[in-house]
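Enquirer: Below are the sequence and a predicted model for it; my questions follow.
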Amino acid sequence: MADGTTSKALQPVDACTDGPGLPCARCCMAFAFDPNHGVGGEIVMFCGTDGAGRSLEDTWVWDEGLWSLLTPPNHPCARHSTRMTLDATSTPPKLVLFGGSPGSDCSNQRGNLDDTWLWDGTTWALACTGCTTDQSKPSARRSEGLAWDGGDGFAILFGGFGTCGGHRSGACGDTWTWDAADDAWTRRCSGCKPGTTRPSNRGSPAIAYSERRSQLILYGGKGNTVLVGETWYWDNADDSWVKLARVNSPKARTQHRTAYDEINGQIVMFGGCAGDCFSRTQAPLVTVLNATWLLGSGRWRRASPTTPPPRRCCVGLAWDPSTSNGRVVLFGGATRGPSFFNDTWLWDGTNWCQTGVTCAETITG
């Protein structure tokens, strides 16, 4: 088993709360919808970084308009900048999480993590225990793109920052798919050329599957030195990525997030940074964003909500069909300072509202 894959013996769950029933302010957490638990499904949130700079290891669920802290008997070591998504190849379906930047209780305190964990609604279980780096699992990394490809039926991972191409902390450009039946990752697109049949090496891309387009869409991210702003989709038949032209791609950004709005048939993208998110020299109004962009069947277009969330990056963002008959849910994030958030917002296809503040409707399952 690779270093960094387990919690220390009897390590308690670090319950980072802000009063009863509310997670503490954080960013860079794993955040995904679990359709098989809760009332009509629930959003699961794990880990992140708090305002004190600590890596967290608590597990929360958003169900029927409320946050609840769980106490699973087993869990990954603390981390941030990891990703999580649906794994319907498991029986029954689970959530799959990969890698991240290690916290204080990880056995590996250097570099990044290369472990795979599955969430079954009750506890976490380490997977891919017999996997070999670069053969049956990706190398250690953080800030990868990870999403469920509903058309092709697997979770797909792209890029991140880690031990790629001989660099300890460089931007990666490899593509992997997860298969629970084989308890292993499979390398894809191995002969692809950057910029032609795959995106260039990058970390922090945003990936979401569009049912309307029947495409897994990847947008943006940061290379080793520059931000990137193209839109790509995965072509499973050709085992390659295809760059979308003439789709009015937004300006380059990183640490943004996307989720698919099933009711309105649009990928929703929020926030991120058009520069160094936490630079002490760049103007915050230039670098930290709060724009909402939408991608339906045609081009990207910028939405005009009347009450957008404040500027931030590294939020949790996921579609939840059980919240108010279907909403995109946003939680937390960070902005310059740095300042951290623990507010929850809902997107209805036209506008954002903050739960407990500006949401007029009753949030129910």
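Expert: Sure thing, it's come through.
Enquirer: pretty sure residue 223 contacts residue 172?
Expert: No - with contact taken as Cβ atoms under 8 Å, residue 223 and residue 172 are classed as non-touching, separated by 10.3 Å. C-beta: built from backbone N, CA, C; applies to glycine.
Enquirer: The two - which one has more neighbours?
Expert: More neighbours surround residue 172 than the other of residue 223 and residue 172, with 23 against 19 (other Cβ atoms under 10 Å).
Enquirer: pretty sure residue 217 is touching residue 232, no?
Expert: Yes - with contact defined as Cβ under 8 Å, residue 217 counts as touching residue 232 (7.4 Å).
Enquirer: what residues do residue 223 and residue 172 have in common as contacts?
Expert: 201, 202 (Cβ atoms under 8 Å, 6 or more residues apart in numbering).
Enquirer: Give me the distance from stretch 262-270 to the chain's centre.
Expert: Relative to its parent chain, stretch 262-270 has a centroid offset of 16 Å by Cα atoms, centre = their mean, to the nearest Å.
Enquirer: can you pull the alpha-carbon coordinates of that stretch into CSV?
Expert: Provided in CSV are the C-alpha atoms of stretch 262-270 (Å, rounded to 0.1, in the frame of the first residue of the first chain):
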residue,chain,number,x,y,z
GLU,A,262,-30.8,18.6,-15.3
ILE,A,263,-34.0,20.7,-15.3
ASN,A,264,-32.6,23.4,-17.6
GLY,A,265,-30.2,21.2,-19.6
GLN,A,266,-27.2,23.3,-18.9
ILE,A,267,-23.7,23.0,-17.4
VAL,A,268,-23.4,25.7,-14.7
MET,A,269,-20.0,27.2,-14.1
PHE,A,270,-19.2,29.5,-11.2
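Enquirer: Pull out the buried residues from it.
Expert: By 16 or more other Cβ atoms under 10 Å, the buried positions in stretch 262-270 come out as 264, 265, 266, 267, 268, 269, 270.
Enquirer: again, but for stretch 127-139
Expert: Going by neighbour count (16+ other Cβ under 10 Å), the buried part of stretch 127-139 is 127, 128, 131, 136, 137, 138, 139.
Enquirer: Centre of the chain to that stretch, how far?
Expert: On Cα atoms, centre = their mean, the centre of stretch 127-139 falls 21 Å from that of its chain.
Enquirer: For the stretch 1-150 of the chain, give me the ranges with low pLDDT.
Expert: Scanning the stretch 1-150 of the chain for pLDDT under 70 picks out 1-14.
Enquirer: which residue ranges form the helices in the protein?
Expert: Counting by DSSP state H, one finds helices in the chain at the ranges 284-287.
Enquirer: For residue 345, name its beta-bridge partners.
Expert: residue 330, residue 354 (DSSP bridges).
Enquirer: how many other residues sit next to residue 356?
Expert: Counted with other Cβ under 10 Å, residue 356 comes out at 11.
Enquirer: Over to the one 3 residues further on?
Expert: When neighbours are defined as other Cβ under 10 Å, residue 359 has 19 of them.
Enquirer: pretty sure it contacts residue 352?
Expert: No - counting by Cβ under 8 Å, residue 359 stays clear of residue 352, with 9.3 Å between them.
Enquirer: Which neighbours do those two have in common?
Expert: Listed as contacting both residue 359 and residue 352 by Cβ under 8 Å, 6+ apart are residue 346.
Enquirer: OK, contacts around residue 325?
Expert: residue 263.
Enquirer: ok, now how distant is it from residue 348?
Expert: To residue 348, residue 325 is 10 Å away according to Cβ to Cβ, to the nearest Å.
Enquirer: now the strands: where do they sit in the stretch 1-150 of the chain?
Expert: Ranges of strands within the stretch 1-150 of the chain are 26-27, 30-34, 42-50, 55-63, 66-70, 79-80, 83-87, 94-102, 113-119, 124-127, 141-142, 145-149, based on DSSP state E, counting those that start in this stretch.
Enquirer: Keeping just the C-alphas, turn the fourth one into PDB.
Expert: The C-alpha coordinates for strand 55-63 follow below in PDB (Å, rounded to 0.1, in the frame of the first residue of the first chain):
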ATOM      1  CA  SER A  55      -6.600  20.100   6.200                       C
ATOM      2  CA  LEU A  56      -9.900  18.500   7.300                       C
ATOM      3  CA  GLU A  57     -11.200  14.900   7.400                       C
ATOM      4  CA  ASP A  58     -14.900  15.300   8.300                       C
ATOM      5  CA  THR A  59     -17.800  13.900   6.200                       C
ATOM      6  CA  TRP A  60     -21.000  15.900   5.800                       C
ATOM      7  CA  VAL A  61     -24.300  15.400   3.900                       C
ATOM      8  CA  TRP A  62     -26.700  18.000   2.500                       C
ATOM      9  CA  ASP A  63     -30.200  16.400   2.600                       C
END
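Enquirer: Done for today, thanks.
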